[in-house]
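Visitor: structure for this input, please:
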Amino acid sequence: MPPPPRRGGSTKISRTRWHLVLLGPEEIMTKIEAPTHPYLETIVPYEPPDLEAVAARAGLSVEQLIRLDANENPFGPSPQVARALADFNNYQFYPDYRPLRQAVARYADVAPEQVVLSNGADELIDLLTRLFAEPGQAVVVCPPTFSMYRFYAEVNRCRVLSIPRRADFSMDVAAIERAVRESAGEARLLFLVSPGNPDGQAIPLNVIRRLLELPLMVAVDEAYIEFGGESSVSLLSDHENLVVIRTFSKWAGMAGLRLGYALLAPRLAGYLKRIRSPYNVNAAAVVAALATLADLEAVQANVARLIAERERLREALATLPWLEPLPSQANFVLCRIRGHSSQEVVDALARRGILIRGFSDPRMAGYVRISVGRPDQNERLLAALRELGNE
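Guide: Here you go, the predicted structure:
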């Protein structure tokens with residue numbers, strides 16, 4: 001046992017990182033020098049924008065900002081969602097997931113046993129990494145892509161095999177196959193996103209079929225599938241190594257309620273449920289999702305409006321000589337910038353109260369991503385971009 005701390009000083013416990021620090025005559029605080037796992041020092045946390053600070057710099061309120069940086073749905077959820085949440089009176093009870101699991105199964109055209117609900121799609125990325133890859137084994141990612149794939153691989157102490165996409169954002173299938181083969185069985189999980197983020201281009205199903213022939217799990221993130229592209233769900237019956245990740249955040253306008261789901265073989269769904277926290281999806285998200293799926297016609301009409309607005313926005317952006325908008329099958333448009341710094345454009349728009357997405361990845365230094373807003377928001381964006389082009 002270490003000697004008791006003396007009044008006015010501190011005692012270090014030998015061969016540990018813990019300290020007992022005397023704060024006063026009778027107060028002792030235990031302190032720790034470093035995290036239990038030193039690898040945490042290398043993890044870069046996700047930092048959302050400080051909306052209050054951005055609004056203050058623009059001389060606006062947060063509500064006045066035009067937020068085109070996070071691929072959110074500017075039309076919001078179905079009107080039935082607010083009514084259902086107001087009428088629900090069982091918030092004191094843990095939710096029953098069976099009705100929602102059955103409704104999602106009907107929507108996705110799979111069996112209920114193939115559906116696993118989650119607290120947003122991010123939770124699924126974490127769970128899938130833990131389910132299929134042990135610490136030290138490899139997770140394959142194809143940058144530029146959604147940053148959470150690498151993030152959760154690193155958090156779970158997996159190696160990251162990074163296979164960059166080609167200059168046109170297509171998948172380098174041969175390079176992926178070579179890396180998996182050379183890993184000698186250590187590559188356990190491949191993350192794909194279709195339509196892609198940040199580019200918005202869908203991966204052809206024949207490419208996904210080819211990658212499913214590899215000896216590892218393939219997770220296809222379909223966060224934007226309602227806006228375009230061909231779903232991989234049709235491949236589930238023939239490929240047990242396929243997991244499809246989906247979310248209610250984008251198409252259903254429910255980003256703030258955090259609801260995602262996985263579609264996969266029933267046997268693997270059972271294992272995924274074993275490591276999922278109990279009651280991981282809150283009752284409000286369950287109620288909102290059921291109301292959404294009961295009002296599909298209205299929600300899908302908003303999706304159609306966003307698709308039409310995406311094409312109108314892309315055509316208008318193409319008239320600006322210093323911007324090159326890429327084709328998109330998502331709810332955003334990726335633009336290549338000529339003659340300007342992308343960060344200058346992001347900052348200049350932020351000063352006008354318009355948020356778009358720039359990138360820290362050097363490979364994306366010449367690009368910005370613009371979420372599709374309402375027609376009035378897009379008009380204000382276009383007016384601001386024309387002003388910047390004339391400066």
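
Visitor: quick one: residue 231 and residue 246 touch, right?
Guide: No - the pair residue 231 / residue 246 is not scored as a contact, 9.1 Å apart, by Cβ atoms under 8 Å. For every residue, glycine as well, the C-beta is placed using N, CA and C.

Visitor: who touches both of the two?
Guide: Residues touching both residue 231 and residue 246 by Cβ atoms under 8 Å, 6 or more residues apart in numbering: 222, 225.

Visitor: and those two? which has more neighbours close in?
Guide: Neighbour totals were compared for residue 231 and residue 246, and residue 246 leads with 28 against 19 (other Cβ atoms under 10 Å).

Visitor: give me the element the more buried one is part of.
Guide: Here residue 246, judged by DSSP states H and E, is contained in strand 242-247.

Visitor: burial count for residue 79?
Guide: Residue 79, neighbours per other Cβ under 10 Å, totals 12.

Visitor: pLDDT at it, what is it?
Guide: On the pLDDT scale, residue 79 is placed at 96.

Visitor: picking up where we left off before, which residues make contact with whichever helix or strand comes after the strand holding residue 246 from outside it?
Guide: Using DSSP H and E, the helix or strand that follows strand 242-247 towards the C-terminus is strand 260-263. Applying Cβ under 8 Å, 6+ apart, the external contacts of strand 260-263 come out as 104, 108, 110, 114-124, 128, 233, 236, 243-249, 269, 272.

Visitor: quick one, strands of the stretch 201-350 of the chain?
Guide: Applying DSSP state E, counting those that start in this stretch to the stretch 201-350 of the chain gives strands spanning 217-221, 242-247, 260-263, 323-325, 332-337.

Visitor: against which helices or strands is the shortest one packed?
Guide: Of the remaining helices and strands, those touching strand 323-325 by 3 or more Cβ pairs under 8 Å, 6 or more residues apart in numbering; DSSP states H and E are helix 296-317, strand 332-337.

Visitor: contacts for stretch 170-183, please.
Guide: With contact meaning Cβ under 8 Å, 6+ apart, stretch 170-183 is reached by 138, 140, 142, 161, 163-166, 187, 190, 192, 201, 203, 207, 210-211, 214-216.

Visitor: hmm, try it at 7 Å
Guide: With contacts defined as Cβ atoms under 7 Å, 6 or more residues apart in numbering, stretch 170-183 is touched by 138, 140, 142, 161, 163-166, 187, 203, 207, 210-211, 214, 216.

Visitor: report the buried residues of it.
Guide: By 16 or more other Cβ atoms under 10 Å, the buried positions in stretch 170-183 come out as 171, 173, 176, 179-180, 183.

Visitor: of those, which is the nearest to residue 293?
Guide: Of all these, residue 171 has the smallest distance to residue 293: 31.9 Å, by Cβ to Cβ.

Visitor: what's the distance between the closest one and residue 364?
Guide: Counting by Cβ to Cβ, to the nearest Å, the gap from residue 171 to residue 364 is 17 Å.

Visitor: same check, this time on residue 286
Guide: Distance, residue 286 to residue 364, by Cβ to Cβ: 37 Å.

Visitor: neighbour count: these two, which is higher?
Guide: Between residue 286 and residue 364, counted using other Cβ under 10 Å, the more crowded position is residue 286 (22 against 19).

Visitor: OK, contacts around the more buried one?
Guide: By Cβ under 7 Å, 6+ apart, the contact list for residue 286 reads 95, 97, 100.

Visitor: correct me, but the second one touches residue 117?
Guide: Yes - counting by Cβ atoms under 7 Å, residue 117 is a contact partner of residue 97 at 5.7 Å.

Visitor: between those two, point out the one with more neighbours.
Guide: Taking neighbours as other Cβ under 10 Å, residue 97 and residue 117 compare with residue 117 leading, 22 against 16.

Visitor: need the three-state assignment for the more buried one.
Guide: Residue 117 carries the three-state label strand when classified by DSSP: H, G, I helix; E, B strand; the rest coil.

Visitor: still on that earlier bit, deepest-packed of the helices and strands packed on strand 323-325, please.
Guide: Counting by mean count of other Cβ atoms under 10 Å, strand 332-337 has the highest mean neighbour count of those, with a mean of 22.

Visitor: circling back: and the helices and strands packed on strand 323-325 as TSV, adding mean pLDDT and distance to residue 225?
Guide: Below are those laid out as TSV (pLDDT from 0 to 100; distance: least, Cβ to Cβ, whole Å):
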stretch	mean pLDDT	distance to residue 225
helix 296-317	98	11
strand 332-337	98	14
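
Visitor: tabulate those (JSON lines), appending distance to residue 68.
Guide: Converted to JSON lines, the helices and strands packed on strand 323-325 look like this (distance: least, Cβ to Cβ, whole Å):
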{"stretch": "helix 296-317", "distance to residue 68": "10"}
{"stretch": "strand 332-337", "distance to residue 68": "8"}
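
Visitor: nearest to residue 56, out of those?
Guide: Residue 56 lies closest, by Cβ to Cβ, to one member of the helices and strands packed on strand 323-325: strand 332-337, at 26.1 Å.

Visitor: partners of that closest one in the sheet?
Guide: Here strand 332-337 is paired, per DSSP bridges, with strand 323-325 (antiparallel), strand 367-371 (antiparallel).

Visitor: returning to what we had before: show me what the strand holding residue 246 is packed against.
Guide: Packing contacts for strand 242-247, counted by 3 or more Cβ pairs under 7 Å, 6 or more residues apart in numbering; DSSP states H and E, involve helix 120-132, strand 217-221, strand 260-263.

Visitor: closest one to residue 56 among these?
Guide: When the helices and strands packed on strand 242-247 are compared by Cβ to Cβ, helix 120-132 sits nearest residue 56, at 28.7 Å.

Visitor: wait, residue 367 touches residue 335, no?
Guide: Yes - between residue 367 and residue 335 a contact is recorded at 6.5 Å, counting by Cβ under 7 Å.
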